[in-house]
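> Curious how this folds, go ahead:
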Amino acid sequence: MRFLLDAEQREFGRTLDALLGAADVPAAARAWAAGDPGPGRALWRRVAGTGLFTLAVPEESDAAGVCPVELAVAFEQLGRHAVPGPYAESVAAASLCAGLVDAGKGLLGELLAGDALATLKVPGAGPHLLDADTADALLVVENGDPWTLRAAPGHGPVRPGLDAARRYAEPLPGGECLAAGP
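Down below sits the predicted model:
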């Protein structure tokens with residue numbers, strides 16, 4: 001087995017590195033921390049143009065297909081440049097929405113295009129939604145019999161995190177059930 005990136009994967013990483021290196025990521029992060037998501041959302045749309053949000057979604061959902069290595073390359077660059085925003089949560093939400101028959105398909109299109117940001121609360125990760133105040137979709141996976149995915153109707157008070165660019169809030173109860181089952 002060979003665990004090196006191929007030429008296309010290395011080029012994808014270089015493309016993201018160049019895009020983020022040319023952007024004023026520190027200014028976007030400072031604005032995000034101050035409660036102004038405008039610069040961060042502009043950067044979000046540019047990153048979405050690389051196809052990042054399509055990398056965890058099967059091809060039959062008009063995406064790139066599940067590409068875990070490319071996702072790792074992308075998240076390495078996002079972390080290296082300290083890009084603010086719920087990127088991991090939005091990629092996970094896109095993956096979940098791709099499996100839905102009807103509910104969530106509109107959100108999936110918006111996530112893949114970079115027009116929407118999602119945050120996601122999952123069992124075992126604590127009771128909070130990160131970046132709930134900037135996200136367009138608040139999703140909650142609940143461990144029960146059966147498991148459910150619901151769209152939260154809103155969130156409680158926003159609290160600062162240790163990282164000034166990450167705030168958290170608890171999701172409000174209720175909301176639309178998007179899926180239930182295994």
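
> From now on I want contacts and neighbour counts done on CA atoms only, so please keep to that.
OK.

> which residues does the residue positioned nearest the centre of the chain contact?
The residue lying closest to the centre of the chain (CA atoms, centre = their mean) is Ser90, at 1.9 Å. Applying CA atoms under 8 Å, 6 or more residues apart in numbering to Ser90 gives the contacts 53, 111, 117-120.

> so how far is His81 from Ala18?
Distance of Ala18 to His81, given as CA to CA, to the nearest Å: 11 Å.

> So for those two, which sits in the more crowded spot?
Under the criterion of other CA atoms under 10 Å, the comparison of Ala18 against His81 puts His81 first, with 17 against 12.

> pLDDT value on that one, please?
Looking at His81, its pLDDT stands at 97.

> Now do the buried residues in stretch 114-127.
Residues of stretch 114-127 classed as buried: 114, 116-121 (neighbour count, 16 or more other CA atoms under 10 Å).

> Between the two ends of that stretch, how far is it?
This stretch, stretch 114-127, spans 26 Å end to end (CA to CA).

> just stretch 82-90 next, same as before
Length of stretch 82-90, first residue to last, CA to CA: 16 Å.

> I'd like to check which residues are in contact with Leu111.
By CA under 8 Å, 6+ apart, the contact list for Leu111 reads 53, 90, 94, 117-118.

> Give the bridge partners for the closest residue to Pro157 other than its chain neighbours, please.
Distances taken as CA to CA, 6 or more residues apart in numbering put Ala169 closest to Pro157, at 5.8 Å, once the chain neighbours are dropped. Counting by DSSP bridges, Ala169 forms beta bridges with Leu129.

> you'd agree Ala169 is up against Ala132?
Yes - applying CA atoms under 8 Å, one finds Ala169 in contact with Ala132, separated by 6.2 Å.

> where do the contact lists of the two overlap?
Contacts common to Ala169 and Ala132, judged by CA under 8 Å, 6+ apart, are 155, 158.

> Who has more neighbours out of the two?
Higher neighbour count among Ala169 and Ala132: Ala132, with 28 against 20, using other CA under 10 Å.

> quick one, phi psi at the closest residue to Pro171 other than its chain neighbours?
Leaving aside its chain neighbours, Pro171 sits nearest to His155 (4.3 Å; criterion: CA to CA, 6+ apart). For His155, the backbone dihedrals (degrees, to the nearest 10) come out as phi -140, psi 160.

> Give me the neighbour count for His155.
Look at His155: counted by other CA under 10 Å, it has 17 neighbours.

> That one and Pro123, how far apart?
Counting by CA to CA, the gap from His155 to Pro123 is 17 Å.

> Next: Asp133.
Applying CA to CA, the value for Asp133 to Pro123 is 21 Å.

> Could you list the low-pLDDT ranges of this protein?
Counting by pLDDT under 70, the ranges of the chain that qualify are 1, 61-64, 101-105.
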